[in-house]
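Undergrad: fold the following.
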Amino acid sequence: MMVVGLGVTAAQHEGHPFNLGWYLGTLLFGWSAHLMTHYCNEYFDLDADRANRTPTSWTGGSRILVDGLLPPGVSLGAAFVLLFLAATTAATMPDTASRLMAITILAAAWFYTAPPARLNYHALGEIACAAVLYGLGPLLAHRLQGGDPTAATLTYVALVFVLQFLRMSVMNLADIEGDRSTGKHTLAVALGPRGLIRLYLAGQTLTYTATAVLLLTGTLPALPALAFLATLPIPVWVGRRLTQQALARPGTNNAVTFWASMHMPITAAALTLALLTDRLTGDTHPDTPWPIICAATLIAFAAWFTRALRTPPPALPEQETQTP
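TA: Numbering: from 1, shown residues only. Reported below is the predicted structural model:
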């Protein structure tokens with residue numbers, strides 16, 4: 001919802017009319033493709049998940065197949081059903097450009113772990129995930145609302161694309177031991193923990209510095225740029241914990257992966273709210289349905305986020321065996 005909402009809000013900010021049908025169609029496609037990816041990963045990552053002794057709520061798979069609660073074929077079957085649903089939705093999209101974007105999303109998402117490409121087994125998963133979710137995701141939503149994006153919209157997408165790439169690097173760092181033992185050559189395995197942490201710190205520093213420069217030079221509107229910069233405390237906190245080797249300690253590793261993951265929807269929410277506010281306070285206002293839908297989306301995310309903060313992480317297998 002936050003990915004699609006960012007793209008639609010950017011289109012509204014540019015003055016394009018709101019299309020409720022394609023907003024719902026983009027959500028259907030996005031949810032189908034995203035769930036497809038999870039079920040596909042559960043099946044093709046099963047060996048790596050079994051070898052992972054320190055899973056978190058955000059890494060190491062759902063543990064459903066690892067714990068034998070369902071046969072692996074159920075996960076693969078669900079992935080194929082969702083692939084069919086997403087592909088059917090893509091086929092109905094109104095122009096060649098949007099259909100090509102949707103097909104690219106599905107191909108990169110499926111082959112993230114599926115053979116023969118297995119992108120996340122060849123240090124390409126991080127960039128593939130970033131391109132699918134926070135790259136092509138908001139651009140497809142924008143395309144279905146209003147056509148070609150402006151330079152400012154492309155800049156917002158580029159910023160969240162980089163953050164998603166860095167976030168996925170942290171996710172794979174959390175899984176590094178299980179991945180190494182099963183021949184899964186992620187970027188974390190390729191660079192090693194120290195190299196990956198340096199990449200995360202350098203990437204975050206460059207991204208936020210570039211945003212500050214774009215703000216000071218007037219290249220980006222003030223409100224969206226300031227909203228983006230306001231999320232800086234999250235990567236600062238994550239970066240500090242990474243340098244303290246928090247991912248190697250059960251209990252603290254879940255907090256690191258949680259906040260590294262939350263950095264993305266929080267940033268998307270901040271940009272969405274800033275773009276919507278900028279348009280509402282301008283000379284021309286967005287179409288009436290969208291501010292209401294957007295507000296409901298942000299409230300739903302805030303409610304989910306609050307609940308997530310209050311929910312303790314699941315106990316790891318090692319912890320469960322030590323319980324009297």
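
Undergrad: pLDDT of the one helix or strand Leu206 maps to, averaged?
TA: In this assignment (DSSP states H and E), Leu206 forms part of helix 187-216. Mean per-residue pLDDT for helix 187-216: 96.

Undergrad: C-terminal to that helix, what's the next element?
TA: helix 222-229.

Undergrad: render the CA-only coordinates of that following helix in CSV, please.
TA: In CSV, the C-alpha atoms belonging to helix 222-229 read as follows (Å, rounded to 0.1, in the frame of the first residue of the first chain):
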residue,chain,number,x,y,z
ALA,A,222,11.5,21.7,0.4
LEU,A,223,8.7,19.7,2.0
PRO,A,224,9.4,16.3,0.4
ALA,A,225,13.2,16.7,0.9
LEU,A,226,12.8,17.7,4.6
ALA,A,227,10.4,14.7,5.1
PHE,A,228,13.0,12.4,3.6
LEU,A,229,15.8,13.8,5.8
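
Undergrad: mind checking how far the closest residue to Gln204 other than its chain neighbours is from Thr267?
TA: Spatially, and ignoring its direct neighbours in sequence, Gln204 is nearest to Pro235 (4.2 Å; Cβ to Cβ, 6 or more residues apart in numbering). No exception for glycine: its C-beta is placed from N, CA and C like everyone else's. With distances taken as Cβ to Cβ, to the nearest Å, Pro235 is found 10 Å from Thr267.

Undergrad: what is in contact with these two at once?
TA: Both Pro235 and Thr267 are in contact with Leu163, where contact means Cβ atoms under 8 Å, 6 or more residues apart in numbering.

Undergrad: pretty sure the residue nearest to Gln204 sits against Phe228.
TA: No - counting by Cβ atoms under 8 Å, Phe228 is not a contact partner of Pro235; they are 11.6 Å apart.

Undergrad: quick one, helices of the stretch 101-250 of the chain?
TA: 125-130, 137-146, 151-174, 176-181, 187-216, 222-229, 233-243 (DSSP state H, counting those that start in this stretch).

Undergrad: ranking those helices by burial, who's on top?
TA: helix 137-146 (a mean of 26; mean count of other Cβ atoms under 10 Å).

Undergrad: could I get the average pLDDT for it?
TA: Here the average pLDDT along helix 137-146 is 95.

Undergrad: which strands and helices sit next to it?
TA: On a contact count with 3 or more Cβ pairs under 8 Å, 6 or more residues apart in numbering; DSSP states H and E, helix 137-146 meets helix 2-13, helix 20-44, helix 96-110, helix 151-174.

Undergrad: could you list the low-confidence segments of the stretch 51-200 of the chain?
TA: The stretch 51-200 of the chain contains no residues with pLDDT under 70.

Undergrad: and for the stretch 201-324 of the chain?
TA: 313-324.

Undergrad: I'd guessed Ser57 sits against Asn253; true?
TA: No - the criterion here is Cβ under 8 Å, and Ser57 misses it with Asn253 at 9.9 Å.

Undergrad: these two: which is more packed in?
TA: Of the pair Ser57 and Asn253, Asn253 is the one with more neighbours under other Cβ atoms under 10 Å, namely 25 against 17.

Undergrad: how far away is the more buried one from Ala246?
TA: 6 Å.

Undergrad: okay, and the common contacts of the two?
TA: With Cβ under 8 Å, 6+ apart, Asn253 and Ala246 have no common neighbours.

Undergrad: shared neighbours of Pro235 and Phe228, which are they?
TA: Tyr208.

Undergrad: still on that earlier bit, and Trp304, which of the helices and strands packed on helix 137-146 is closest to it?
TA: helix 2-13 (10.5 Å; Cβ to Cβ).

Undergrad: name the helices or strands packed onto the closest one?
TA: helix 20-44, helix 137-146, helix 151-174, helix 253-280, helix 289-310.

Undergrad: show me the contact partners of it.
TA: With Cβ under 8 Å, 6+ apart, helix 2-13 has contacts from 18, 23, 26-27, 30, 133-134, 137-142, 145-146, 149, 153, 156, 160, 264-265, 268-269, 271-272, 275-276, 278-279, 286-287, 290, 294, 297-298, 301.

Undergrad: go with 7 Å
TA: Contacts to helix 2-13, defined as Cβ atoms under 7 Å, 6 or more residues apart in numbering, come from residues 18, 23, 26-27, 30, 133-134, 137-142, 145-146, 149, 153, 156, 265, 268-269, 271-272, 275-276, 278-279, 286-287, 290, 294, 297, 301.

Undergrad: for stretch 247-265, same thing?
TA: Against stretch 247-265 from outside (Cβ under 7 Å, 6+ apart): 2, 54, 56-59, 134, 160, 163-164, 167, 170-171, 173-174, 231, 234-235, 237-238, 241-242, 246, 301, 313, 316, 318-319.

Undergrad: buried sites along that stretch?
TA: Neighbour counts over stretch 247-265 (16 or more other Cβ atoms under 10 Å) mark 247, 250, 253-265 as buried.

Undergrad: nothing else from me, thank you.
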